[in-house]
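1. Got a predicted model here, sequence first, then my questions.
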Amino acid sequence: MDEINTAISIRDVKKRFGDFIAISGMSFNIRDNEFFTLLGPSGCGKTTLLRMIAGFENTSAGEIHLYGQPLENLTPNERPVNTVFQSYALFPHMNVAKNIGFGLHMLGWSKAEIQERVEQMIKTVELHEFAHRKPAQLSGGQQQRVALARAMAPKPKVLLLDEPLSALDLKLRQQMRAELKALQKTTGITFIFVTHDQEEALTMSDRIAVMSAGEVQQIGTPTEVYEQPANRFVAEFIGKTNLIEATVTEVQNDSVVCKLVTGQTINAVTAQNHSEDSSGVSPSANIIAGAQGHISLRPEQLSITEVSSSSSGLQGTLGEAMYLGTDTQFDVNLSDNVCLTVRRQNSVENSNLPEFGEVVELSVAQGAARFLAG
Amino acid sequence: MDRYAYSKRFDVKRYPGFLLITMVCLLILYAPLLVVMVYSFNDSLSITKWGGFSLRWYVDVFTGLEAEKYKRAAWNSLSIALMAATVSTAMATAAAIGMVRGGQFKGKSLSFGLISIPIMVPEIVTAVAMLIFFSTIGLTLGYGSILIAHIVFCIPFAYLPIAARLQGIESSYEEAAQDLYANRWKTFRFVLMPILFPGMLSGFLLAFIISLDDFIITNFIKGAGVETLPTAIFGAVKQGIKPNIMALSTLMLLFSVLMVSLSYIIGRTDRSVDSKSNKD
């Protein structure tokens, strides 16, 4: 990796709290000017990793480098990174302008410089009328903007965001996603964003690190982690998927033939992490015939067609349909205990649907079936 | 509505004899104080017979034969209370930060015990112990020994409201300050102290009152010739209670009530700010 393009380098970092292992060892690089998301369920270690970058926690082992400089011996106030806290942590006794200017004041900027930068930040987050209000007199969304402005005012090299949108209501959250993304683009600051919300991660990130149980499961662009999940955890955590137990019967060049637990056979591509660490490994190199695993099928990549005698595709009985506005979701029972979810966009063209209980055929989009070992 | 109606059946006010017992308790608590206050305005020399309304004993406190003695005692009391409260508040703040923000450390419960046990130790024991200690190390008894003793026994009283307040302050404020380039001192000075201030003020006022009102320990270690208001009053009472003592006591009582009310009002206005910030 080119050192100049790396903002943060995580090298064999481990973290223990007593007997509890929060991070069992991870290494990856976060690039300069990147919107990087740490995504995972609660307790996966994502916030711990963020706090280690900020300097609030020590690493138990390993090193974190910021633009080539090791951070280990620097206290939080010596690190050129700023944090947007989950609770915002706005100073209750200071007004908006004082809050935003706090970091600059601590850095020893002159009064005039501070005033100019604070006004600029207030304009950026559109809080002109509120400069003299106390945090308690602001709505949740406004508090969030102040927290952002305060963290960005000292022009940090890296901005750390710890689930900053989780306290907002849905509509505001969706609006803030776009604003955050735009802010990152215009400022060019590297963002490290922690969330448990996969939708947030997919909509905003340049790259996502999916974490679970103190380990990185996969690093990739939103498209990669969604369309080419490296393992069962990633496939299930990001979006909805159908997982069917399967056994590999034949290994081909870049795909495998699998026998499903229901008896049908299906062609599937194999999951490999395409990130830099595993490049050069041929996709199905470590999968052999007889391997057990799961086939992952995304609901929107399945479509319901009428049964044709010539096909050897998946057949099942149509179950309940659920109307979701833009989509309709169907249950298709392949066997008594294997039920697939199929999503179909509601448009004018698709009108004549098979009835409940009819036998239908499912066609799988090219390359949509993925074999996940384990 | 229903739920409230139901809970009212268990309302303590509906227990038989509630009113009577309450009245008796209040009477026992406050009747003696009331008597002292009323008789401080008595025109007669007697402390039991009412001889008409007069302010003569208040005038006597400030201008009478013993006025100079009381003035000196009052000055000692106030200056010692002010200094003892200030120093003990500073120490208690440091202790509270260590205890509440120090995470888990070996001997944490022991430390908490060491800080708070002095409240439960009989004051006479502390008084005797301090007297023995001061004479062992050869400290001259007087203003200085009173001040040292008051600082020491005020710490636990100042500690409690400060620690309680600190426990309610999220540590993310301090993290945010450090994240924004404030070192430890600046984090305390510009962020933690302003937020903690109501607790520190409560602790200060409590320590001030405790110091001002202390009699037992002060009486043991004051040495000859140095008096605080409580020891001066005790000395005067030994020669028989004169109505001017009642006037002086009433003044002290009013001062204490004022301080406690102040502390309460500060605590309350502060809470109302907190609840506002929680509305989102």
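-> Looks like it came in fine.
2. My guess is A:Ser303 contacts A:Val360. True?
-> No. Because the distance of 9.9 Å does not satisfy Cβ atoms under 8 Å, A:Ser303 is recorded as not touching A:Val360. All C-beta spots, glycine's among them, are computed from the backbone N, C-alpha and C.
3. Between the two, tell me which one has more neighbours.
-> Applying other Cβ atoms under 10 Å in any protein chain shown to A:Ser303 and A:Val360 shows that A:Val360 carries more neighbours, namely 20 against 16.
4. Helix or strand: which one has the more buried one?
-> A:Val360 is part of strand A:359-364, with elements assigned from DSSP states H and E.
5. Then B:Met99?
-> With secondary structure defined by DSSP H and E, B:Met99 is part of helix B:67-101.
6. Quick one: mean pLDDT over the helix or strand just after that helix.
-> The C-terminal neighbour of helix B:67-101 among helices and strands, as given by DSSP H and E, is helix B:108-120. On average, the pLDDT along helix B:108-120 is 87.
7. can you give me how far the helix or strand following helix B:108-120 is from the chain middle?
-> As assigned by DSSP H and E, the chain's next helix or strand after helix B:108-120 is helix B:123-137. Distance of helix B:123-137 from its chain centroid, counting by Cα atoms, centre = their mean, to the nearest Å, is 22 Å.
8. so what's A:Ala54 closest to, chain neighbours aside?
-> The shortest distance from A:Ala54 to any residue that is not its chain neighbour, by Cβ to Cβ, 6 or more residues apart in numbering or on different chains, is 5.1 Å, and that residue is A:Thr83.
9. Determine the set of other helices and strands touching the helix or strand hosting that neighbour.
-> For A:Thr83, the host element (DSSP H and E) is strand A:81-84. Based on contacts counted as 3 or more Cβ pairs under 8 Å, 6 or more residues apart in numbering or on different chains; DSSP states H and E, the elements that strand A:81-84 packs against are helix A:46-54, helix A:140-152, strand A:158-162, helix B:172-179.
10. can you tell me which residues contact the closest residue to B:Trp57 other than its chain neighbours?
-> In space, and not counting its chain neighbours, B:Trp57 is closest to B:Ala247: 4.0 Å by Cβ to Cβ, 6+ apart. When contacts are counted by Cβ atoms under 8 Å, 6 or more residues apart in numbering or on different chains, B:Ala247 touches B:40, B:57-58, B:60-61.
11. out of those, which are buried?
-> Judged by neighbour count, with 16 or more other Cβ atoms under 10 Å in any protein chain shown as the criterion, the buried members of those are B:40, B:57-58, B:60-61.
12. three-state assignment of A:Ala22?
-> Here A:Ala22 takes the strand state, with states given by DSSP: H, G, I helix; E, B strand; the rest coil.
13. related to what we said a few turns ago, would a markdown table of the contacts of B:Ala247 with secondary structure and pLDDT be doable?
-> Shown next, in a markdown table, are the contacts of B:Ala247 (DSSP: H, G, I helix; E, B strand; the rest coil; pLDDT from 0 to 100):
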| residue | secondary structure | pLDDT |
| --- | --- | --- |
| B:Ser40 | coil | 88 |
| B:Trp57 | helix | 87 |
| B:Tyr58 | helix | 90 |
| B:Asp60 | helix | 87 |
| B:Val61 | helix | 86 |
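14. Go through whichever helix or strand B:Pro230 is part of and flag the buried ones.
-> Element membership for B:Pro230, per DSSP H and E: helix B:229-238. Residues of helix B:229-238 classed as buried by neighbour count (16+ other Cβ under 10 Å): B:229-233, B:236.
15. farthest pair in the buried ones among the contacts of B:Ala247?
-> The largest distance within the buried ones among the contacts of B:Ala247, taken as Cβ to Cβ, falls between B:Ser40 and B:Asp60 and amounts to 10.6 Å.
16. Show me chain A divided up by domain.
-> What the record gives for chain A is the domain set A:3-225, A:228-373, from automatic domain parsing.
17. need the least confident one among these, by mean pLDDT.
-> Taking the average pLDDT of each of the domains of chain A, the minimum falls on domain A:228-373, with a mean of 78.
18. As PDB, could you dump the C-alpha coordinates of stretch B:138-155?
-> Coordinates of each C-alpha in stretch B:138-155 appear next as PDB, following Å, rounded to 0.1, in the frame of the first residue of the first chain:
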ATOM      1  CA  GLY B 138       3.300  19.900  69.600                       C
ATOM      2  CA  LEU B 139       0.900  22.100  67.700                       C
ATOM      3  CA  THR B 140      -0.100  25.200  69.700                       C
ATOM      4  CA  LEU B 141      -3.800  25.200  70.200                       C
ATOM      5  CA  GLY B 142      -5.600  28.200  68.800                       C
ATOM      6  CA  TYR B 143      -7.000  29.700  65.600                       C
ATOM      7  CA  GLY B 144      -4.700  27.500  63.500                       C
ATOM      8  CA  SER B 145      -5.700  24.200  65.200                       C
ATOM      9  CA  ILE B 146      -9.400  25.000  64.800                       C
ATOM     10  CA  LEU B 147      -8.900  25.800  61.100                       C
ATOM     11  CA  ILE B 148      -7.100  22.500  60.500                       C
ATOM     12  CA  ALA B 149      -9.700  20.500  62.400                       C
ATOM     13  CA  HIS B 150     -12.500  22.200  60.600                       C
ATOM     14  CA  ILE B 151     -11.000  21.600  57.100                       C
ATOM     15  CA  VAL B 152     -10.600  17.900  58.000                       C
ATOM     16  CA  PHE B 153     -14.100  17.200  59.300                       C
ATOM     17  CA  CYS B 154     -15.700  19.300  56.500                       C
ATOM     18  CA  ILE B 155     -14.300  17.100  53.700                       C
END
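19. The stretch 51-200 of chain B against chain A: which residues are in contact?
-> Proximity of the stretch 51-200 of chain B to chain A is assessed by Cβ under 8 Å from any Cβ of the partner chain, with B:170, B:172-173, B:175-183, B:186, B:190-191, B:194-195 identified as the residues in range.
20. returning to what we had before: any chance of the domains of chain A in TSV, with distance to B:Phe53 too?
-> Output for the domains of chain A, formatted as TSV (distance: least, Cβ to Cβ, whole Å):
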stretch	distance to B:Phe53
domain A:3-225	49
domain A:228-373	83
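21. Out of those domains, which one sits most buried?
-> Ranked by mean neighbour count under mean count of other Cβ atoms under 10 Å in any protein chain shown, the domains of chain A are led by domain A:3-225, which reaches a mean of 19.
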